[in-house]
Structure formats: C-alpha cells, structure tokens
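In: Next input, structure requested:
(one chain, ligands or ions: 1)
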Amino acid sequence: MTDLSEKTKGFIFNLDGVIVDTAKYHYIAWRRLADEMGVDFPIEQHEQLRSLSRMESLEKILEWGGLYMTEAEKLHWADVKNNWYQALVANMTPDEVFPGVLSFLDEVRRSGGKTALSSASRNARTVLKSTHLEPYFDVILDGSAARKSKPHPECFLLAATALNMAPSECIVFDDAVLGVQAALNGGFHIIGIGKAEYLPDAERVIPGFADCHLADILDLVYKGASLTMADAE
Ligand code: G6P
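Out: Presented below is the predicted three-dimensional model:
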C-alpha cells in the first residue's frame with residue numbers, strides 16, 4: 001500500500017465534472033430555460049458556465065441573449081431551472097460515477113488519507129445520495145458553505161479547515177479554470193481533470209481516475225513524474 005508522504009494527507013474533490021458528469025444535466029435545464037427565453041445556447045457555450053454559481057450562470061445566459069431581468073425575475077427563473085435540474089439528478093444512479101473514482105477514494109482512505117468534497121452546487125448532497133457516494137467522504141461541503149465564488153479559494157480553505165490540515169498538505173482535483181485558480185490562490189496543490197490544453201495553470205492534468213493510483217498522483221505532485229496520464233490531451 002502507498003505510504004502517504006508526510007506532506008500530503010488531504011484530498012479535496014470538486015464534484016461536477018470530477019466525480020460525476022452532472023454538467024449534462026445542468027445543460028439540459030439551462031437549455032430548456034434558454035429556449036423559453038428565445039436565447040440560442042449551443043452546448044459549446046455551456047463550457048463557459050463551468051464552476052459559475054447558479055445566479056452567475058443565469059446572468060451569463062441573459063447577457064448572451066441581450067436580455068434584462070429584475071432581481072425578482074432572476075430569482076424566479078433560477079428557481080425554475082433548479083427545479084428542472086433537481087428532477088434530473090434525483091434519478092441519477094451509481095453507474096454515473098466516473099470510472100476509477102471509487103477505487104481511488106478507497107485507496108486514499110486505506111492509506112490513511114482524508115477525503116473532502118467541495119462543490120459550488122447547492123445540490124451536491126442530492127447528487128451524492130443518488131450515486132451512493134456520501135460514505136466515501138470525510139467532509140462534505142456544498143454550495144451553501146462558501147460565500148465567495150471561485151477563483152476565491154474559500155470553498156477549498158473551508159474544506160482544509162474541516163480536515164484540520166493546511167492547504168499545502170492537500171491536493172485539490174478540479175476540472176475548471178476557475179477551480180484551478182481558486183486552488184492556486186489558496187496555496188493548494190492542484191491536479192486538473194480533463195484536457196491539459198484547457199487547464200494551462202494546473203500543476204498537472206490527468207484525464208480522470210481510470211487506472212489512476214495514489215502513488216501516481218503523489219509522483220506527479222512531488223517528483224514531477226511525466227507519466228502518460230499527465231499528458232492528457
Ligand atoms: C457547479 C457547476 C455549475 C453550477 C454550480 C451551482 O459549480 O459547475 O455549473 O451552476 O455548481 O450549482 P447549483 O446546483 O447550486 O445550481
């Protein structure tokens with residue numbers, strides 16, 4: 001079993017796009033709203049909403065459509081979108097957890113590491129319940145925990161505090177530019193999830209957790225290993 005280095009004991013995961021693919025459900029719900037408002041909203045544009053809060057996402061869509069809404073209208077439509085989204089994620093199943101995630105989380109904990117889930121989504125707990133992921137985390141923080149949005153590091157700092165660790169003792173896993181910036185701003189190690197070309201600031205980037213072991217991640221962070229997984233395209 002991997003001997004966890006003295007330096008790293010905390011592993012902090014974003015949810016959407018790292019552990020499960022909820023982005024597709026966010027897109028279905030936002031797209032339905034955009035259609036109702038007559039705003040063209042192709043799927044590529046949804047990439048720009050990654051890591052934004054619900055209200056920030058709505059404001060972007062309004063901006064793209066050149067539309068204005070009062071604060072009360074925005075609250076109403078954000079709520080409508082959220083109801084559609086909740087109906088979708090309530091039916092998620094454990095099969096939707098990305099490959100390799102469960103075995104990686106297991107390995108971390110068997111090696112004496114602690115795991116935290118830190119998500120900007122207020123629906124994170126519903127998603128964790130539907131996918132039976134709750135028992136895999138020592139700490140769970142959803143979108144109601146942090147007041148400041150990424151790239152402010154608050155969401156990750158709160159997770160480190162809950163784990164009783166310094167940021168430098170933790171590795172953050174995030175799939176979005178804003179998440180990578182938040183981790184760097186907080187003094188965390190950061191592994192990007194996805195394509196390296198989209199996450200140029202991440203210390204290292206892996207495509208996901210399939211066939212990924214704890215020793216690989218520690219080598220990437222501390223030994224500058226150039227594994228093929230780090231060269232995710
Ligand atoms: C994450 C997702 C965003 C989403 C945000 C808020 O950051 O990447 O796409 O808008 O959470 O999610 P919520 O479920 O609270 O509307």
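In: which parts of the protein sit against the ligand?
Out: By Cβ under 6 Å from any ligand atom, the residues of the chain that approach the ligand are 16, 26, 49-54, 57, 82, 120-123, 143. C-beta: built from backbone N, CA, C; applies to glycine.
In: Closest one to residue 91 out of those residues, please.
Out: Residue 91 lies nearest to residue 123 out of those, by Cβ to Cβ, at 12.9 Å.
In: ok now do the closest one, which residues does it touch?
Out: Neighbouring residues of residue 123 by Cβ atoms under 8 Å, 6 or more residues apart in numbering: 82, 85, 86, 89, 142, 143.
In: one step back: mind checking which of the residues of the chain next to the ligand land in helices?
Out: 26, 54, 57, 82 (DSSP state H).
In: Could you dump these into JSON lines with neighbour count added?
Out: Formatted as JSON lines, those follow (neighbours: other Cβ atoms under 10 Å):
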{"residue": "26", "neighbour count": "25"}
{"residue": "54", "neighbour count": "21"}
{"residue": "57", "neighbour count": "20"}
{"residue": "82", "neighbour count": "14"}
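In: Using JSON lines, please lay out those together with pLDDT and distance to residue 70.
Out: Converted to JSON lines, these look like this (pLDDT from 0 to 100; distance: Cβ to Cβ, whole Å):
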{"residue": "26", "pLDDT": "96", "distance to residue 70": "24"}
{"residue": "54", "pLDDT": "95", "distance to residue 70": "17"}
{"residue": "57", "pLDDT": "96", "distance to residue 70": "18"}
{"residue": "82", "pLDDT": "98", "distance to residue 70": "18"}
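In: quick one: which of these is nearest the ligand?
Out: Nearest to the ligand among those is residue 54, at 3.6 Å by Cβ to the nearest ligand atom.
In: circling back to that earlier point, give the buried subset of the contacts of residue 123 as a ChimeraX selection command.
Out: Paste this into ChimeraX to select the buried members of the contacts of residue 123, with burial taken from 16 or more other Cβ atoms under 10 Å:
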select :85,89,142,143
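In: Check the burial of residue 66 by counting its neighbours.
Out: 7 (other Cβ atoms under 10 Å).
In: if I look at it, how far off is residue 39?
Out: 9 Å (Cβ to Cβ, to the nearest Å).
In: between those two, what contacts are shared?
Out: By Cβ under 8 Å, 6+ apart, no residue touches both residue 66 and residue 39.
In: pLDDT score for residue 45?
Out: The model reports residue 45 with a pLDDT of 93.
In: Near residue 120, how many other residues are there?
Out: Around residue 120 there are 27 residues (other Cβ under 10 Å).
In: so what's residue 189 up against?
Out: 8, 168, 170, 171, 172, 183, 203, 221.
In: Just the ones in strands from those residues, please.
Out: 170, 171, 172 (DSSP state E).
In: what's the closest non-adjacent residue to the first one?
Out: Excluding its sequence neighbours, the residue lying closest to residue 170 (Cβ to Cβ, 6 or more residues apart in numbering) is residue 10, at 3.5 Å.
In: you'd agree the one you found is up against residue 172?
Out: No. Using Cβ atoms under 8 Å, residue 10 is not in contact with residue 172, being 9.1 Å away.
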